[in-house]
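Asks: The following block contains a protein sequence and its predicted model.
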Amino acid sequence: MYRLRVTFYMLVGCFLVLLLSSWNEGDRDDVVGPLPPVPVYADSTQWYIVDRGGEADLFYVISTETGDHMMGTDTCHLADTYDPVLRKMMAKEMVAVDSFYSGRLNYYSPYYRQVSMNSWTTPEKAFVRLEVPLEDVKRSWQYYLEHFNHGRPFILAGFSQGARFILDVLKEMPDSIFRRMVATYFIGYKVTQEEVDSVPNIKLAQGATDTGVTVSFNSVRSPECVLYISEGTAACINPVNWRTDSVPAQFINYGRKRNDTLSVWCDSTSRHLIVSGWQKETIMPVIGRPGNYHHMELRFYYPYIRQNMADRLAAFKASSTNTPVPDSDAASVPDSSTSRSSGLWLRLWPWRHRRSPQHSAPLPK
């Protein structure tokens, strides 16, 4: 059944390539639709920044948080980063990810003209529209390097649509910058075998403390539950025990009213994480399907990923100074009381939280 599904998606992919190649520029403009204002990254309102004075940074690109909206009498399929309503939607994920993942890292997350959630009902149109936000993310990354980074080590991360753009940033990264990259966390999207084989900067993580690597995974109840955005991925590492084989690991999903003990392992065929024991089968809007946990991935594993970011940074620093890395239990869980006392909880898609602390830092003159 799985092989039939792979064959089907390959045929669909070929059809989409032929379809897209048959469009002229006018057709593409019609698909993209009206364009919101271009984000100016010298403007502090186009960033969510938390400068902790840390020795390393986390550059994070958010997932799809906004839907179609009106520009006059036209439907716009791209987010307006100056619109207060849409900005509030995007800021929820920015705040939540910083709260859950950053630790002592400085945090930089750009607003960008993301493709709307509605667009993903027709993948061929969504992929055409991705060209616009991709350029925004590339420009924000360049601005970050020139004005914010100041030569520090950094971690790249993105989820879903944001992961798609992070992959392009990684592909084009020069060696002089790549040498400062601790790791890339590429979650909720596919990394194909062709990309692994052809892009030198894509080195799939094999353990808990290797550096300069790409950490990637997608979570499902069974291989039949995968989405088209992760179908055919070559990357899978278990974010609980940091293994790439089928050895399972138990983890705790921290909830507002109860904690659930689940089990997760890598499926060697589909290269997806198989999650066992999750009882709350909530389906993600628009592209979701029963048994797919795309909308739960950042919440499921956040204590382990936050600790892992710190572990990989320690390994990166040790390799730079030839000092030993302190022993660390890759599968350890941060104290549950700390995890549960955070004011932010990722409920469903879109993100929800109890509070929205506003952190910012002035842009350089």
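Replies: Cool, got the structure. Numbers count the residues shown, from 1 in each chain.
Asks: Grab the nearest non-local neighbour of N308.
Replies: Nearest residue to N308, sequence neighbours excluded (CB to CB, 6 or more residues apart in numbering): A208, at 6.2 Å. Where C-beta positions appear, they are placed from N, C-alpha and C, glycine not excepted.
Asks: pLDDT value on the one you found, please?
Replies: Confidence at A208, expressed as pLDDT, is 98.
Asks: Please apply the same query to V31.
Replies: If you check V31, the pLDDT there is 88.
Asks: same thing with D175?
Replies: Looking at D175, its pLDDT is 97.
Asks: now Y254, which residues is it bridged with?
Replies: Listed beta-bridge partners, Y254: N259 (assigned using DSSP bridges).
Asks: Check which helix or strand the residue nearest to N308 maps to.
Replies: Under the criterion of DSSP states H and E, A208 resides outside all helices and strands.
Asks: Now for it, how many residues are close by?
Replies: With neighbours defined by other CB atoms under 10 Å, the count for A208 comes to 21.
Asks: Against A310, how distant is it?
Replies: 11 Å (CB to CB, to the nearest Å).
Asks: Then G232?
Replies: 32 Å.
Asks: quick one, which of the two is more surrounded?
Replies: Using other CB under 10 Å, the more surrounded residue of G232 and A310 is G232, with 18 against 15.
Asks: Report whether that one is found in a helix, as I expect.
Replies: No. G232 is assigned coil when assessed by DSSP: H, G, I helix; E, B strand; the rest coil, not a helix.
Asks: Name the nearest residue to Q250, ignoring sequence neighbours.
Replies: Using CB to CB, 6+ apart and skipping the chain neighbours, the partner closest in space to Q250 is S263 (5.3 Å).
Asks: Residues touching the helix or strand encompassing the one you found, excluding its own?
Replies: Using DSSP H and E, S263 sits in strand 259-266. Outside of strand 259-266, the residues within contact range by CB atoms under 8 Å, 6 or more residues apart in numbering are 217, 219, 236-240, 243-253, 272-279, 300, 336.
Asks: So among those residues, which ones count as buried?
Replies: 217, 219, 236-240, 243-244, 248-249, 251, 253, 272-275, 278, 300 (16 or more other CB atoms under 10 Å).
Asks: follow-up on the earlier one: would you agree the residue nearest to N308 is in contact with D311?
Replies: Yes. Counting by CB atoms under 8 Å, A208 does reach D311; the two are 5.9 Å apart.
Asks: ok, now how distant is W47 from V40?
Replies: From W47 across to V40, the span is 11 Å (CB to CB).
Asks: Show me which of these two is the more surrounded one.
Replies: W47 (22 against 12).
Asks: Before we move on, what's the pLDDT of the residue lying closest to that one once chain neighbours are set aside?
Replies: Here the nearest residue to W47 in space, its sequence neighbours aside, is P110; by CB to CB, 6+ apart that works out to 5.8 Å. Model confidence at P110, given as pLDDT, is 98.
Asks: And the strands in the stretch 151-300 of the chain, which stretches?
Replies: Listed in chain order, the strands of the stretch 151-300 of the chain (DSSP state E, counting those that start in this stretch) span 154-159, 181-187, 213-217, 219-220, 249-254, 259-266, 273-276.
Asks: Reformat the ones you listed as JSON lines; add mean pLDDT.
Replies: Output for the strands of the stretch 151-300 of the chain, formatted as JSON lines (pLDDT from 0 to 100):
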{"stretch": "strand 154-159", "mean pLDDT": "98"}
{"stretch": "strand 181-187", "mean pLDDT": "97"}
{"stretch": "strand 213-217", "mean pLDDT": "98"}
{"stretch": "strand 219-220", "mean pLDDT": "97"}
{"stretch": "strand 249-254", "mean pLDDT": "92"}
{"stretch": "strand 259-266", "mean pLDDT": "94"}
{"stretch": "strand 273-276", "mean pLDDT": "97"}
